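Asks: how would this look folded up:
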Amino acid sequence: MLVKDAIKKVNGLPYVFEHVQVCSSWGKSLLLNQPFMTDAAAIERNLDDLQRHIAFLERHPQPAHQLVVLLHEINDITKTLQNLKQLQVLDDIELFEIKKFSLASQKIAELLRETQYECMELDDLSKVVELLDPEGSRIAHFYVYSCYHPELEEARKKILQSEEESEREKLTWEVSQMEDSVRQKLTEMLQPYREALLRNLHRLGDLDVLNAKAQMAAEWHLTRPATATERTTYTAIFHPQIAATLAERGGHFQAVDIALEQGPCLITGANMSGKTVLLKSLALAQHMFQFGFYVPAERAEIVPVEEVICLIDDQQTEQHGLSSFAAEMLSVNEILLQAKRGVKLLALVDELARTTNPDEGRRIVNAFVRMMQKYHVMSIVTTHYSGIPAPCRRLRVKGLTTDKISGEVTPHSLNRYMDYRLTETTSDEVPAEALTIARIFHVDDEFLALAKEE
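Replies: Model (predicted):
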């Protein structure tokens, strides 16, 4: 799976991508095509580079700003380099692209040397610059300079001096032939540098992505996660997009602590108690970690997995003509099939079997939890069902703190009176706060009285 695939299905990841300040279209393309890393060593290497780049930004603010300016000059020249590989004669635009890229590459290489940058080293392209900039102007512009050919300057002068149209046409054709021979010669002379140009192109794209990730880590107060082997833990995990939305409304996102082990965890809590947001936050953090980002938490230790299956809504499957329950069961079956194949999973399932009758729903939840326990799948299941006997770890959202409520409460302000922290519990009973919340919102008294009746 690549970033561009995950963006389509992971809640919050499009928001992350929109705010990653990649400077170049080439860097953006590389970011979209970054793979979901499952090897712990590869993840650590990426995080090491990111940590070093963050240190570079902190120690060298002025060079860091200049780096951003220079990265904006990096364009995708892969097609030009492919033509160079095949020794197709490059035109003026392609020669300009190589010159512009090489000038920017040399400037960035010098900046990295001066700051003793540790994450990468660029190939020396000074010979390429000399070939395409024989006059030493160091300006990103290409022209078939007269110095490239012994007769070119004189022929160009004759065109300007000639008064006869036929003579000018003849001279112009001769000049174009000379220029074509220069382009062919330059193409042949540049061909040995193609690999170095390609290496620098990929390294500078990686540098662009790394710089954007580092800036995001600083601006969003993300943390470097440690790579774990058995247990995933978060201190104060949060969801950046939801936190930003709450802040715009004058609210505050309450981050929570949670630990996940090999096996299922059942989470109960009232409506609006943050269970769904927690699952979205966990899915986003896991993907950010395995795409080489820092994560939204104060502290994190994360076990890499081969696949994250997050069953939160069924909008996409409904579009294919399936009922909510049918879509949900197909997704559940996919989790079970992967678990039986031994795939290392993180399974996040919100309100399993909520659309069927309570008796069958309770049985389905119980069976799913037992299967997750049997196959040692790191998983969270949220539920409103009481009486789930399957052995598993149980957590409960602390929920509504009614003693703190003062004044009018709206759906947007209710979060101020919710305690989203998780607490261990041995009970399989689900908190009953639905009627309390309905009463706070001044739902019809007659309706509430009837709802209380058995």
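Asks: shaky segments in the chain?
Replies: Across the chain, the stretches falling below the confidence threshold (pLDDT under 70) are 159, 163, 270-273, 313-322, 400-417, 427-442, 446, 448, 450-454.
Asks: Just want the most central residue of it.
Replies: Centroid-nearest residue in the chain, with Cα atoms, centre = their mean: Phe17, separated by 5.2 Å.
Asks: CA atoms only for whatever helix or strand that residue lives in, dumped as CSV, please.
Replies: Under the criterion of DSSP states H and E, Phe17 resides in helix 13-19. The C-alpha atoms that make up helix 13-19 are tabulated as CSV, following Å, rounded to 0.1, in the frame of the first residue of the first chain:
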residue,chain,number,x,y,z
LEU,A,13,-4.8,11.2,6.3
PRO,A,14,-6.1,13.5,3.6
TYR,A,15,-5.9,16.4,6.1
VAL,A,16,-2.3,15.4,6.9
PHE,A,17,-1.4,15.3,3.3
GLU,A,18,-3.0,18.7,2.6
HIS,A,19,-0.8,20.2,5.3
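Asks: Who are the packing partners of it?
Replies: Taking 3 or more Cβ pairs under 8 Å, 6 or more residues apart in numbering; DSSP states H and E as the contact definition, the neighbouring helices and strands of helix 13-19 are helix 3-6, helix 240-248, helix 275-290. The C-beta positions use only the backbone N, C-alpha and C, and glycine is treated the same way.
Asks: Can you get me a residue count around Asp91?
Replies: Summarising burial for Asp91: neighbours were counted as other Cβ atoms under 10 Å, giving 15.
Asks: Likewise for Val397?
Replies: Counted with other Cβ under 10 Å, the burial measure for Val397 works out to 24 neighbours.
Asks: Nearest to Glu97, out of the helices and strands packed on helix 13-19?
Replies: Of all the helices and strands packed on helix 13-19, the one in closest proximity to Glu97, counting by Cβ to Cβ, is helix 3-6 (25.0 Å).
Asks: Please identify the buried residues of the host helix or strand of Trp173?
Replies: Secondary structure here is read from DSSP H and E; on that basis Trp173 sits in helix 165-190. By neighbour count on 16 or more other Cβ atoms under 10 Å, the buried set for helix 165-190 is 171, 175, 178-179, 182-183, 186-187, 190.
Asks: Pick the one among the residues you listed closest to Asp92.
Replies: The nearest one, if we look at the buried residues of helix 165-190 relative to Asp92 and count by Cβ to Cβ, is Arg183, at 7.6 Å.
Asks: how near is that closest one to Gln177?
Replies: Arg183 is 11 Å from Gln177, where distance means Cβ to Cβ, to the nearest Å.
Asks: now Val305
Replies: Using Cβ to Cβ, we find Val305 at a distance of 63 Å from Gln177.
Asks: same deal with His65?
Replies: From His65 over to Gln177 the distance is 47 Å, taken as Cβ to Cβ.
Asks: What is the neighbour count of Ala214?
Replies: By other Cβ under 10 Å, the residues close to Ala214 number 24.
Asks: nope, Glu58 is what I was after
Replies: When neighbours are counted by other Cβ under 10 Å, Glu58 registers 11.
Asks: Now name the helix or strand holding it.
Replies: Following DSSP H and E, one finds Glu58 within helix 40-59.
Asks: any chance you could map the strands in this protein?
Replies: Counting by DSSP state E, the chain has these strands, from start to end: 226-227, 232-237, 256-260, 264-268, 299-302, 307-311, 345-349, 378-383, 393-400, 418-424.
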